[in-house]
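Undergrad: Give the three-dimensional model of this entry:
(2 chains)
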2 protein chains.
Amino acid sequence: MKNYYTRNDWKIIEEGFRPEMHEASESIFSLGNGRMGHRANFEEKYSGKSLSGNYIAGVYYPDKTRVGWWKNGYPEYFAKVLNAPNWIGILVNIDGVELDLHTAKISNFRRELDMKEACLKRSFTAVLPNGKEIEVNTSRFLSIVNDELGLIRYSVKALNFDGNISFTPFIDGDIRNADANYDEQFWDIQASEARKGSAYLLAKTRKTNFLVCMSMEYEVYKNSKSLNPDPEVISTEKYLSNKINLEVKKNDTVGIFKYVSVLSSLNHSPEEIIPNGQKIAAAAKSKKYEAEFSEHKKAWEEKWLHSDIIIKGDEAAQQGIRFNIFHLNQTYTGRDERLNIGPKGFTGEKYGGSTYWDTEAFLIPFYLSTAPQEVARNLLIYRYKQLGKAIENAAKLGFNSGAALYPMVTMNGEECHNEWEITFEEIHRNGAIAFAVYNYIRYTGDSEYLAQYGLEVLIGISRFWKQRINWSDVKGKYVMLGVTGPNEYENNVNNNWYTNKMACWTLEYTVKAIEYVMENHPARYSEIVAATRFNHDSEILAWKDVIQNMYFPYSENLKVFLQQDGYLDKEQKMVSELDPAERPINQHWSWDRILRSCFLKQADVLQGVYTFEDEFDKDTIRRNFDFYEPRTLHESSLSHHAFIPFWQTGSATSTKPMSSTSEPHVWISTIIIMKSAKGFISPVWAGPGCRLFMVSGD
Amino acid sequence: MKNYYTRNDWKIIEEGFRPEMHEASESIFSLGNGRMGHRANFEEKYSGKSLSGNYIAGVYYPDKTRVGWWKNGYPEYFAKVLNAPNWIGILVNIDGVELDLHTAKISNFRRELDMKEACLKRSFTAVLPNGKEIEVNTSRFLSIVNDELGLIRYSVKALNFDGNISFTPFIDGDIRNADANYDEQFWDIQASEARKGSAYLLAKTRKTNFLVCMSMEYEVYKNSKSLNPDPEVISTEKYLSNKINLEVKKNDTVGIFKYVSVLSSLNHSPEEIIPNGQKIAAAAKSKKYEAEFSEHKKAWEEKWLHSDIIIKGDEAAQQGIRFNIFHLNQTYTGRDERLNIGPKGFTGEKYGGSTYWDTEAFLIPFYLSTAPQEVARNLLIYRYKQLGKAIENAAKLGFNSGAALYPMVTMNGEECHNEWEITFEEIHRNGAIAFAVYNYIRYTGDSEYLAQYGLEVLIGISRFWKQRINWSDVKGKYVMLGVTGPNEYENNVNNNWYTNKMACWTLEYTVKAIEYVMENHPARYSEIVAATRFNHDSEILAWKDVIQNMYFPYSENLKVFLQQDGYLDKEQKMVSELDPAERPINQHWSWDRILRSCFLKQADVLQGVYTFEDEFDKDTIRRNFDFYEPRTLHESSLSHHAFIPFWQTGSATSTKPMSSTSEPHVWISTIIIMKSAKGFISPVWAGPGCRLFMVSGD
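TA: Numbering: from 1, shown residues only, chains lettered A, B, ... in the order given. Reported below is the predicted structural model:
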């Protein structure tokens, strides 16, 4: 596994075809343009193991929840971005035998993701079971300029024969999710048609009624000369294609350009979606592949200009950091405030393409620093628009008077997660959403945002914290009981330091935000007071009481903040004492053993120290770091351990994916690039990027 | 709902047929004889809502686990006693129209469970859609003497017509569980045959390969005169019957006796099970219904002689306590050490007919006091035989060297429960199993049991406790982290007082037991040392260290034992302050809110005080009782609240069943009748019996 992909500054390269790595490579080499994305599936038939994946941002289905023991308050559904009709397919037939890398003899296989140009290329030589030998070259991209457009170039050279080569470009609506809780069919076909030279398919998601229309055009050529073939039209309800037969002589090269538009009802009316799609595909065909690609390249050049990070002297690090930046940029462009960032981008089905707190905690800093201000702003507005749902979520858990709890996992603002220790208790997510408002304004200076959007969100979240906290007589302090911190190797603990800190900070910041809006936007302030029924005097008084009397677990002896109440009752062991054969522990230990151990999945005290770095002196930071880092396993699928195995290290602790599914992970990982005055970098959540920072910070 | 069933010292009576109460009545009026049981389904066709249920003790299926988020260590299956082929059926047809209480006009309906005689009776008048009016009288019982035998008497009187009445007694193997996680078929039919006058069906459970054979014989009569009819034989693979047509005149009464044997491969070889079943059914027919019933009655008289409790001046209480005693006696007879007691006996599918800790904690005291010594002893031996599996269960959770963890739910000793906070953390169950050994010996004086069986179990459990406990540097004591106590409204807490107490007590008792066996049974002791690889010196030393240094949470201020660490950080509220509309809280509050509240489902500190009553003075008992009782909701399906709604109170807090299924609950409830020197009765788990005790204790 170690170093399976070739190191290169700008490219991810796979040399030689290893079927057992194919599903991992399909994830790693994924493409996206913010509006849609797909896995690096082969265009031609492939009868080996593969996970077909085409995804359209914002097009989701409410899959029914699966749960062992139902708890009051669980959501009825888990929304997931669906595997959409497959539009990349091009069957290739050589003298009656189908090209299939599972049955052909392959040599010189090379798959290449050019991150600079955001283009996926592939080349190989194949000897088919009938002895015919061909050389294949493909490239494809999802235009970042015309983001409803995907383009493929596919060419075949006859190496040892005269004969017939056919291309069958198709759209296939007969598609299922691998991740479906009850094997439901998610799509209905609304309309479809294939004619000579073109085809379209209009599909609708069940229940949510999203429309998706895919239209294709194509051109074929022989030895660089455009042809005008007479194709055979193949048209069933779900499968639309043309079959084009081409006569070749030995050493001839025949090829096809496939132009596909992918439109959804997020942006097109039901009446216009088919004609619009046909127009866009036809326009691309007229404009030609190269012209579209050249615009696309230019747009990516501009992205890289603002977001590239250059690491000298460590090619693996350079490749790793660019891989992260590339995925972030191809997953979210910030053009559409209705969209957000699934933890795995467009690389697979796991995590459902839904929105998590990771957006605010880890991704907004990246977009803030590298993209136009509107990009991060749109991510904030996404949450502002879901405030009503956050208030509903909180109400379902017994909170009232406008208290807001943002969901753990969501598409439209409704909670979709169904594990009580997370859904109901991992409430620190609310703090990250408040902090993102502060962070955005701190970075951009756009204080107006507070008045227009931010304050309402802050009031809702502060009300939640106030109600979630209670007074402890024995401590003479406010406490927060029964939470799960970002460290998910503890459940239902009392006084998780990070969560208490985020809560208290939110109250403080909200008080300041209210003062600011009152003073600078009095009319808007009155509007907000009316809209939220805000009682200035009593609510502020109550919040200030919490701010002054909040309890934070602390060891006087060790002079470190404590993970939670009772943390020091645990047997104190170091990660270095663990048997590597038992790592990751979540695949070897039962859950109770994990919970009562001192080991942390993520060191959330350090996440808090990182977030509020300015409050702490260097010694405090160092003491906490030195205490928690040796107890931290970094076994989250957000941690470097989870990703690196497919990549560039050979760590004994991480030779298999963290997930219980076989789907390989690509986490749209965390790149922490906020300026850190004291040079402190959070080791808590770390994609390869973070690891690299730690390296480069040495 | 209030007082739906008529009060009566010895009977449960339903007067008038209310279809919406039928499924509840089917549970309440259930019959059993320790070997098998069934719900009070109607013999004739019933097209209204009904849950058909026939159960054979020990015949189970490993249904695949359903779980939302898989955790390492979860069992792959949940074993459940299956709904077995239906043998009670007798179709009744009047001049071509089927008798069906869902379509007929019913009057004078009366259903009666005679608890003294363990017999179910029913009578009613019905006008069928064709205008024919009949009077029906039925009675049936499951012989407690010949426990493979069920007998039914069914008679019909023609009230307003001359015509034809037919009986079709049948055995139906086309049966499914209502509670099946993946709608699987659980039974295969192995053999079946119907002849004139008799029929049998041999069915096999999938995977577990239990065989069950049901054979029927019958006799028919008119106006008390036996007939010799020529029946029509109906025989398909799964459905075996005879149809007997009888001519009647107005005021004639025709009737049928159905004799059915129910045998399983637990007691019969595959070769003999069919002939044995046929023999038993035929013998019953020769002996006649009345003779079998007379033996059965006599055996029940003997049971009541030893187990009855007489309450004067409170008919409801008298009925309630006898209902409990009746269910306990008909669910478990103690004849077979391979059997145990499902929480709902033979009354339905919920809880799968599996073995829970309730057996040791609550049921053994009942059998100890009322049944021959062998009955309780067989319940203990059941666990002894499963010690190997308990050691395997512990090993799956990371324990070693012979540490034993008895399962939360089981059929054969393997854990079947799959909710981490219970399966992995509700480990107090181990203590109850150790305590039952002590309790049995205390009551019977059978100290030999320790040498023969008890000590090995105690060593396994003590080893578990030792490994599960860890040293806390900050407390300077041993602690037990991450448990769920009997109070299931708390999960993953530290130092649950009850669990710590049970653990520490087990270690103490095991040390004493070792001394006893060493001294009195040296040869057997050597055997045990070899079998368990027991290291006397080091293990005893380690256990004594824990005994001397175990931590027990305690409030110096309130002078009460604390439920767990941090319990007093909670907002302290009384149950009386709760809005009745929010009860039971598990149907109104989200789980996090329940967990962080001070409210207890069961007051487990009091359970500990009750168990070890001799250790505490009256003031200590009173202080703890006065502190916890007002905070205790009694919302377990084991609590009186759960059961009473179907029964005799009109409490606003309990107008619906606790279960999320529609299946009405009959909990084989707890009757605490251990002598209590200080008059203290545990209010923790309370079937109606316990409530009654509290009443009668005033």
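
Undergrad: When you work out contacts or count neighbours from here on, use the C-alpha atoms and nothing else.
TA: Will do.

Undergrad: What distance do you get for the residue nearest to residue A:423 when sequence neighbours are not counted to chain B?
TA: Among residues not flanking residue A:423 along the chain, residue A:417 sits closest, at 5.6 Å (CA to CA, 6 or more residues apart in numbering or on different chains). In this view, residue A:417 and chain B are 10 Å apart by CA to the nearest CA, to the nearest Å.

Undergrad: now the spatially closest residue to residue A:446 that is not a sequence neighbour, what's its secondary structure?
TA: Spatial nearest neighbour of residue A:446, excluding adjacent residues (CA to CA, 6+ apart): residue A:440 at 7.6 Å. Here residue A:440 is recorded as helix under DSSP: H, G, I helix; E, B strand; the rest coil.

Undergrad: hang on, isn't residue A:440 packed against residue A:376?
TA: Yes: Residue A:440 is in contact with residue A:376 according to CA atoms under 8 Å; the separation is 7.3 Å.

Undergrad: okay, and the common contacts of those two?
TA: Common neighbours of residue A:440 and residue A:376 (criterion: CA atoms under 8 Å, 6 or more residues apart in numbering or on different chains): residue A:368.

Undergrad: So between the two, which is more surrounded?
TA: residue A:376 (28 against 21; other CA atoms under 10 Å in any protein chain shown).

Undergrad: Doesn't that one belong to a helix?
TA: Yes: according to three-state DSSP, residue A:376 belongs to a helix.

Undergrad: correct me, but it touches residue A:334?
TA: Yes: under the criterion of CA under 8 Å, residue A:376 makes contact with residue A:334 at 7.1 Å.

Undergrad: Could you find the closest non-adjacent residue to residue A:23?
TA: Spatially, and ignoring its direct neighbours in sequence, residue A:23 is nearest to residue A:50 (5.5 Å; CA to CA, 6+ apart).

Undergrad: Against residue A:266, how distant is the one you found?
TA: For residue A:50, the distance to residue A:266 (CA to CA, to the nearest Å) stands at 29 Å.

Undergrad: Equivalent analysis for residue A:42, please.
TA: For residue A:42, the distance to residue A:266 - CA to CA - is 28 Å.

Undergrad: Looking at these two, which one has more neighbours?
TA: residue A:42 (19 against 13).

Undergrad: Name the residue of the stretch 351-500 of chain A that lies nearest to chain B.
TA: Minimum separation of the stretch 351-500 of chain A from chain B (CA to the nearest CA) falls at residue A:472, amounting to 4.6 Å.

Undergrad: and that residue, how many neighbours?
TA: By other CA under 10 Å, the residues close to residue A:472 number 19.

Undergrad: Tell me the secondary structure at residue A:218.
TA: Following three-state DSSP, we place residue A:218 in the strand state.

Undergrad: now the nearest residue to residue A:255 once chain neighbours are set aside, what's its secondary structure?
TA: Nearest residue to residue A:255, sequence neighbours excluded (CA to CA, 6+ apart): residue A:155, at 3.9 Å. What three-state DSSP gives for residue A:155 is strand.

Undergrad: How about residue A:155: which residues does it bridge to?
TA: Beta-bridge partners recorded for residue A:155 (DSSP bridges): residue A:137, residue A:255.

Undergrad: Would you mind measuring from it to residue B:410?
TA: Taking CA to CA, one finds residue A:155 at 62 Å from residue B:410.

Undergrad: ditto for residue A:612
TA: 50 Å.

Undergrad: neighbour-wise, which of these two wins?
TA: Neighbours per residue (other CA under 10 Å) separate residue A:612 from residue B:410, with residue B:410 holding more: 23 against 13.

Undergrad: looking at the sheet around that one, what are its partners?
TA: With DSSP bridges as the rule, residue B:410 is bridged to residue B:355.
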